[in-house]
Structure formats: C-alpha cells, structure tokens
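Student: sequence plus predicted model, see below.
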Amino acid sequence: MWRRTARGMGAVAVIFSLVVGVLLTADWMRAGQAQTVRSDQLGALLARARQAPDSTTVALAREMDRVARHAYFSSVAFRDAGVWMLVSGLLIAVGCLHVAARLGRRIEDPRRFATTDQARADREARVAMLVAGAGGLAALAAWALGSMSSAPPPPAPLPAASTGAVTAAAPAAVLSAGSNAHAVAVFQWNGFRGPRCGVAPGSNAPVAWDGTSGTGVLWRVALAKTGISSPVLWGGTVFLTVADETNREVVAYSAVTGVERWRHGVADGGQGEAVPSTSPDTGLGAATPACDESGVYAVFGTGDLVAYSHDGKLLWQVYLRRPANSYGHASSLWVEGGKICVQYDQSENGRVLVIDAKSGKTIWEQPRTQGPSWSSPVVVAGAAGRPMLLVNGAGVLTAFDLADGNALWEVEGVSGEVAPSPAFWNGRIMVANASARMVCYELAAKPVQVWEYTEALPDVSSPVAADGLIFLALSSGQIACVDAKDGRELWKHDYSAGFYASPIVSGSRVYALDREGTMRIFAAERAFREIASCPLGDAADATPALVDGRIYIRTRGALWCLGAR
C-alpha cells in the first residue's frame, strides 16, 4: 500500500510539474519581459503621441501603457510563483518515486542476516527521511498555493520587547526641509507630497469648488508646456517645472495672485546626446522639485539637476548623465538640512546621491544595482535623532546615513517596477506596489516586519498614513483603507476614474485627485464616508499641494489655486 501511495504521489507531482512547465513556456513565448513592457505597437503609439499630442492619441497611449504594465506585473508574478512550484513539484516527484523504488525491492529472508543488520537499518532510516521530506515539501506546496489565492491571516501582535525597543532607537518623525522634526512653517510645501509624506501641516483645506463655473477658484494660469510634476511652495512663491523635447524650464508664480515672477530655461548638460524616449504619462518634467530657505532645486528627465535662488538667480547646474529606464526619470527630490537627496535608479549605472544645496558638489554617492524605479526618497529621524535616508527600490528598502552615506540596513521590500514612495506613521515605514504587496516595518537598528497586505495595491500613486490609518488610491479607481497597526483592510470604495496623484490627508479629511480632475474628498475614518466631489474639468495626474487653506493643483493645461477669497 505504501509503495502504491508513493508512486501515485510521484505521478501526480510529475504531471503537476509538466503542467506548470508548459504554462511557463507558453507565457514566455507569448510575451517576454521586454515585449510586455514596451511592445512595437505601444512604442509606435508613444512616438505618435509625442509628435501629435492630441487628447485621443494621448488617452489611447495611456490606456495601452496601463494594460502593458498590468500584463508585465502579472507575467512577472506568474513566473516567480511558477518557477518555485516547478522546482517544488520536481523535488516531490523525485522523492516519492525514490521512496516507491525502495519499497518495491524484494525483501530478503531475515534468517539470512545477523540479529542486527546495520546496513538494513541505514536503508530504513534513509527511507524514513525521504518520506518525511516528501511530506514536508507537499505541505509547503499546499501552503504556497493557498497563500496565492487568499489574503494572509491577521498577524500576531508585536512582542512587548520589540515595541519597547522602538521608542529608544526608531525614528520619531519625518523630517522636513528647512525646519526641525516638530515645526513646519505654514507656507511651506517643500517637495513631492509636502513635508510629511502626504500629511498636510494644516487642517483648513477647502471642501467646495467647481472649475467649470469658477466657484472656489482663486486663479488659474494656463501652461504652454507639459509635465506631471507637482507644484511646491516656499513663502509666497509657487515653483513648477515644465518640459518638452526642446526646452526645460523652472517657473515661479505668486502664490496669492498667480502672476508669473520669473521663468528660466535649463541648458542641456548632455548637448549632442539623444533626448531620452519617455511615455506620455512621464515626459521629461515628471520629477517634482524641492525647495528650502535658500532656493528651489529641480531635476529633469534629461539628467539635468539645477538650483535657483528664490528670485530666479542660477546658483549651479549638475549633469547626472542621461537616465536609462523604460518610461523616463520620475523620482522626485528631497531636501533636508542643506542636502539634496537624489534617487537615480536606472537600468545601468544607478545610484543614490546627496548633493550640497549651496554648491552643487556631491557630498556622497552610493551605487544601486536594483534596476529602474520611480519611487522618491524620504528622510526620517534615525537612532538618537540622526537623519536617515530611506530609498525604496525594486525588491529592497535601504537606509543610508544622511551625513556620510553609510548603508545602515537593507530589508526585503516590494517587487516589480516600483513607483509608489514610502508612507510613514508612528515609527513605522510602509512600502507598496501593485502585483506585489504592501509591507510594514518597525524602524529600529534592525527593522522588524510587522505585517503585509496583498489586496488593493497602487501602481503609481503613493500611500499616505495618518492617525493609524493608511489610504491607497489605485489607477483602477479604487480607494482602500488599511489599519496601520496590523495591516487589516477596513474598507474599499470604487470610483469611475483612476488615480495617479497621491492622496493627501488634511486634518480629518483625505483628498484624492482622480485622472479626470475631480477631487474626491472623504473622511479619514475606519468606515467610508464621502464628504464632497469637486470637479475642475481638466485631466490631472500631479499630486496637489495643500497650504494654509488653499489647494494648488497642476492639471494637463493649467495651474490652479483653490480656496475661499
């Protein structure tokens, strides 16, 4: 009976391995990694959209690009799981068939052997080990298949020792440029998602406007050039970058009136080199600039990093070399204590740099081999309040000492083409990516994984965490809320349009700008409750800036200021 059972299990494992192998081969023949991300048809459509950027062509290119990325993520996830299952199936097959062969051997007359037959005892021990190993592999395969089709069980609470250790060694706050960890000037929105990873300093953002009728619109300025970078503010000035294939510019506007104060073109540091090819969703002006009390700093998809004073004087310019990735460079800058942090993850020659904001000289540089990503770095307070630069890339989350660039630690992050930037709450860092997971780490000298979540995951926008809740906005139009303490999903809600802009929390409300330009405002609570939907009538992908009772939004054709007069 045991022999038949082992042979049956081996046969099933062989058939299982053959099926997985055939499916993996079919997936590889249908569309390889490069073809999935950028097919010939998609490449031609992207080129046509750049030459004639009418709304129909751009919309079609965006939809094809979204489908291509979804296919890529699905293919990568299938291959990763399929290879693991194929190896497991083969091991189980070999083990079971070996056990069946052993059990099928003719048993000699025991009277021919001595009372103690050591060789036979050894053989029986090996058989027992093979049976136990095969059973363990079968259980492991069953567990893996189950985990792929269902969400993980609720994680156990952290042990008291781990919780207690965080207070002494873990970050207490996100640092903000030009300020300390606890005070942020009311007129500062100094980078992508502001000074607190998407949590606005104030709580008085408006909740009613209409771009078509002009209700609640303080001013609107038309933009001649494209770009998806977000506006940033310092004092009474709004800074924005615009770009096309021939010109890249940094522009300053009055935050009160919208009047243009200055505009400067950025020289091409790679003069004579071909301008990088990008998708319409990215372009050459995708990275959001950063600003502090000394100036404004911008990086473009050509590899040019530039600094201007608040009154428009050129301070310096650095050429980082042409970026090499599928869609174009989009990682935004972070400025902290006079240091500009640049995440330059590329297909080759990737690196992370910290540059002196006054001189443009490199303070330190570390190589990166994870491949391209579009996530932006964040700075948090490390042990004893020492600033720590967190960089989210493909497969890993890495911490560097901001002062000298020493790698402090590296943990498993999220796989795939990583675009969302980290979220931060209460000494915990959360990173997420579509077709992968969202994982939460307790930040200490050796970070501890607290939980992971695998349901509604963003592929472009970044999560935001506040008051123990995490909010995620997906390009499919879904909004999800997750408990930051244990990773449990609290609610999901579907909208008709998707989200590329990252959600922003202001007081007790969450602001999520969809791709049609409608702001979805809902309560930052454990149950979904919509507060308002405010349309602009113009498509938008850039994350808004919420400053002192006003909202600054960059749409496809204009820069808007919304609020009460």
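Tutor: All right, it came through fine. Everything numeric here is computed off the predicted structure, so don't read it as measured data. Residues are numbered from 1 along each chain as shown.
Student: tell me the contacts of the spatially closest residue to Gln317 that is not a sequence neighbour?
Tutor: Nearest non-adjacent residue to Gln317, counting by Cβ to Cβ, 6 or more residues apart in numbering: Val306, 4.6 Å away. Where C-beta positions appear, they are placed from N, C-alpha and C, glycine not excepted. The contact partners of Val306, by Cβ atoms under 8 Å, 6 or more residues apart in numbering, come to 250, 266, 297-300, 314, 316-318.
Student: any idea how far Val306 is from Ala298?
Tutor: Val306 sits 6 Å away from Ala298, going by Cβ to Cβ, to the nearest Å.
Student: joint contacts of the two?
Tutor: Jointly contacting Val306 and Ala298 under the rule Cβ under 8 Å, 6+ apart are 250, 266.
Student: hang on, the earlier thing: just the element for the residue nearest to Gln317, please.
Tutor: For Val306, the host element (DSSP states H and E) is strand 304-308.
Student: cool, and Ser17?
Tutor: Ser17 is located in helix 2-30, with elements delineated by DSSP H and E.
Student: next one: Leu315
Tutor: Here Leu315 is assigned to strand 314-319, by DSSP H and E.
Student: mean confidence score for the one helix or strand Ala512 maps to?
Tutor: Using DSSP H and E, Ala512 sits within strand 509-513. What strand 509-513 shows for mean pLDDT is 98.
Student: same for that strand, what does it pack against?
Tutor: The helices and strands touching strand 509-513, judged by 3 or more Cβ pairs under 8 Å, 6 or more residues apart in numbering; DSSP states H and E, are strand 469-473, strand 504-506, strand 518-523.
Student: dump those strands into a markdown table; add mean neighbour count, mean pLDDT and distance to Val448 as well.
Tutor: Shown next, in a markdown table, are these (neighbours: other Cβ atoms under 10 Å; pLDDT from 0 to 100; distance: least, Cβ to Cβ, whole Å):
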| stretch | mean neighbour count | mean pLDDT | distance to Val448 |
| --- | --- | --- | --- |
| strand 469-473 | 25 | 98 | 18 |
| strand 504-506 | 25 | 97 | 25 |
| strand 518-523 | 20 | 98 | 31 |
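Student: to Ala432, which of those strands lies closest?
Tutor: strand 469-473 (6.7 Å; Cβ to Cβ).
Student: by contact count, what packs against the closest one?
Tutor: strand 464-466, strand 478-483, strand 509-513.
Student: 7 Å - rerun?
Tutor: strand 478-483 (3 or more Cβ pairs under 7 Å, 6 or more residues apart in numbering; DSSP states H and E).
Student: after the strand it packs on, next one along is what?
Tutor: strand 489-494.
Student: any idea of the mean pLDDT in that following strand?
Tutor: 98.
Student: that strand packs against which elements?
Tutor: strand 478-483.
Student: at 10 Å what do you get?
Tutor: Applying 3 or more Cβ pairs under 10 Å, 6 or more residues apart in numbering; DSSP states H and E, we find strand 489-494 packed against strand 469-473, strand 478-483.
Student: next, count neighbours for Val199.
Tutor: With neighbours defined by other Cβ atoms under 10 Å, the count for Val199 comes to 22.
Student: which residues touch it?
Tutor: Contact partners of Val199, counting by Cβ atoms under 10 Å, 6 or more residues apart in numbering, are 174, 193, 423-425, 464-467, 504-507, 524, 546.
Student: go with 6 Å
Tutor: Val199 sits next to 466, 505 when contact means Cβ atoms under 6 Å, 6 or more residues apart in numbering.
Student: so what pairs up with it in the strands?
Tutor: With DSSP bridges applied, Val199 shows beta-bridge pairing to Val505.
Student: and it, how close does it get to Cys440?
Tutor: Distance of Val199 to Cys440, computed by Cβ to Cβ: 17 Å.
Student: sorry, back to before: let me see the mean pLDDT of the strand holding Val306.
Tutor: 98.
Student: just the C-alphas of stretch 345-352, formatted as CSV.
Tutor: Only the C-alpha atoms of stretch 345-352 are listed here, as CSV (Å, rounded to 0.1, in the frame of the first residue of the first chain):
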residue,chain,number,x,y,z
ASP,A,345,17.6,54.1,-10.1
GLN,A,346,18.4,53.1,-13.7
SER,A,347,18.8,50.1,-15.9
GLU,A,348,22.5,50.7,-15.6
ASN,A,349,24.8,53.0,-13.6
GLY,A,350,22.1,53.5,-11.0
ARG,A,351,23.0,55.4,-7.8
VAL,A,352,21.7,57.5,-4.9
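Student: could you shift the numbering so residue one becomes 13, and keep it that way?
Tutor: Noted, 13 is the first residue going forward, which turns the last one into stretch 357-364.
Student: buried residues in it?
Tutor: Buried residues in stretch 357-364, counting neighbours by 16 or more other Cβ atoms under 10 Å, are found at 357-358, 362-364.
Student: starting at the chain centroid, how far to that stretch?
Tutor: Mean-position distance between stretch 357-364 and its chain equals 16 Å (Cα atoms, centre = their mean, to the nearest Å).
Student: cool, stretch 487-501 as well?
Tutor: That offset, for stretch 487-501, works out to 15 Å (Cα atoms, centre = their mean).
Student: then it to PDB, C-alphas only?
Tutor: Extracted C-alpha coordinates of stretch 487-501, given in PDB (Å, rounded to 0.1, in the frame of the first residue of the first chain):
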ATOM      1  CA  SER A 487      -5.200  53.600 -11.200                       C
ATOM      2  CA  SER A 488      -8.300  51.300 -11.500                       C
ATOM      3  CA  GLY A 489     -10.400  53.900  -9.500                       C
ATOM      4  CA  GLN A 490     -10.400  52.000  -6.200                       C
ATOM      5  CA  ILE A 491      -9.700  53.600  -2.800                       C
ATOM      6  CA  ALA A 492      -8.700  51.400   0.100                       C
ATOM      7  CA  CYS A 493      -8.200  52.000   3.800                       C
ATOM      8  CA  VAL A 494      -5.900  49.700   5.900                       C
ATOM      9  CA  ASP A 495      -5.300  49.600   9.600                       C
ATOM     10  CA  ALA A 496      -1.600  50.800  10.100                       C
ATOM     11  CA  LYS A 497      -1.400  48.700  13.300                       C
ATOM     12  CA  ASP A 498      -2.000  45.200  11.900                       C
ATOM     13  CA  GLY A 499      -2.400  45.600   8.100                       C
ATOM     14  CA  ARG A 500      -6.100  44.600   8.200                       C
ATOM     15  CA  GLU A 501      -8.300  46.000   5.400                       C
END
